[in-house]
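*Asks:* 3D model of this:
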Amino acid sequence: MSNAEKPSALLVDDNEATCTLITALLHRDFVVETASNGLEAIEKQAVEHIDLLILDLNMPLKDGWDALGALIEINPLLPVVIITGRSNQRSLAETAGADALMEKPLDVPLLLQTICELLTEPMESRARRASNRVSRFRYVPCDNDQFREMLLNRHDTSYPFPASKDG
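*Replies:* This next block holds a predicted model:
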């Protein structure tokens, strides 16, 4: 699959390790752009088409909440997954217009599943939700026990995206 056929994802996080991990997970099926702060994300959205936003909250210059407001104003139908180490952010994320909130450490299989669900959601449904605030918000709290078990067992996760057309 060529880059022209792949959807684009903007990953906004000032943690280099998180960016490296998520980029590695998505690079086969997405053109992944990264930004290390909200200001850089807004600048990239202004000049590039973005199909998916993955956004951290704690960042320098412009935090995730400020960036989210600006990015949704530019494109109210943009699928948004907030990733954060902050607790008790669910109601804020839902009210702000995010589609999902995932607490760090991330549950990688659920992150990939959530991304697939958001990108395959019919545009009519996205538009209805954006205009009426009809919620299908997804919340994935941090499951520290599961995370520790994954580390101890060194589980590989399955890749839920459909196989690419070229192989």
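*Asks:* Residue 92 touches residue 68, doesn't it?
*Replies:* No - with contact defined as C-beta atoms under 8 Å, residue 92 does not count as touching residue 68 (9.8 Å). (Glycine included, C-beta is placed from N, CA and C.)
*Asks:* ok, and the closest non-adjacent residue to residue 6?
*Replies:* Setting aside the residues directly before and after it, residue 6 is nearest to residue 31 in space (C-beta to C-beta, 6 or more residues apart in numbering), at 5.0 Å.
*Asks:* what about the strands in the protein?
*Replies:* Counting by DSSP state E, one finds strands in the chain at the ranges 8-12, 31-35, 52-56, 80-84, 100-103, 138-140.
*Asks:* Adding mean neighbour count, write those out as TSV.
*Replies:* Rendered in TSV, the data for those read as follows (neighbours: other C-beta atoms under 10 Å):
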stretch	mean neighbour count
strand 8-12	24
strand 31-35	19
strand 52-56	25
strand 80-84	23
strand 100-103	23
strand 138-140	17
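*Asks:* quick one: contacts for residue 45?
*Replies:* Contact partners of residue 45, counting by C-beta atoms under 8 Å, 6 or more residues apart in numbering, are 10, 71, 74, 75.
*Asks:* Name the nearest of the residues you listed relative to residue 109.
*Replies:* Nearest to residue 109 among the contacts of residue 45: residue 10, at 21.8 Å, using C-beta to C-beta.
*Asks:* can you map out the helices along this protein?
*Replies:* In the chain, the helices defined using DSSP state H lie at 16-26, 38-47, 64-74, 90-96, 108-120, 123-132, 144-153.
*Asks:* Next, format the ones you listed as JSON lines and append distance to residue 102 and mean pLDDT.
*Replies:* Converted to JSON lines, the helices of the chain look like this (distance: least, C-beta to C-beta, whole Å; pLDDT from 0 to 100):
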{"stretch": "helix 16-26", "distance to residue 102": "11", "mean pLDDT": "94"}
{"stretch": "helix 38-47", "distance to residue 102": "18", "mean pLDDT": "90"}
{"stretch": "helix 64-74", "distance to residue 102": "13", "mean pLDDT": "87"}
{"stretch": "helix 90-96", "distance to residue 102": "10", "mean pLDDT": "85"}
{"stretch": "helix 108-120", "distance to residue 102": "6", "mean pLDDT": "93"}
{"stretch": "helix 123-132", "distance to residue 102": "19", "mean pLDDT": "73"}
{"stretch": "helix 144-153", "distance to residue 102": "12", "mean pLDDT": "57"}
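*Asks:* Of these, which is nearest residue 5?
*Replies:* Each of these has some distance to residue 5 by C-beta to C-beta; the shortest is helix 108-120, at 13.6 Å.
*Asks:* export the closest one as CSV, just CAs?
*Replies:* Coordinates of each C-alpha in helix 108-120 appear next as CSV, following Å, rounded to 0.1, in the frame of the first residue of the first chain:
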residue,chain,number,x,y,z
VAL,A,108,-2.1,-1.6,23.0
PRO,A,109,-4.6,-4.1,21.7
LEU,A,110,-7.5,-1.8,22.9
LEU,A,111,-5.8,1.2,21.4
LEU,A,112,-5.6,-0.5,18.0
GLN,A,113,-9.2,-1.8,18.3
THR,A,114,-10.4,1.7,19.2
ILE,A,115,-8.6,3.2,16.2
CYS,A,116,-10.1,0.7,13.9
GLU,A,117,-13.6,1.4,15.2
LEU,A,118,-13.2,5.1,14.9
LEU,A,119,-11.9,4.9,11.3
THR,A,120,-14.6,2.5,10.1
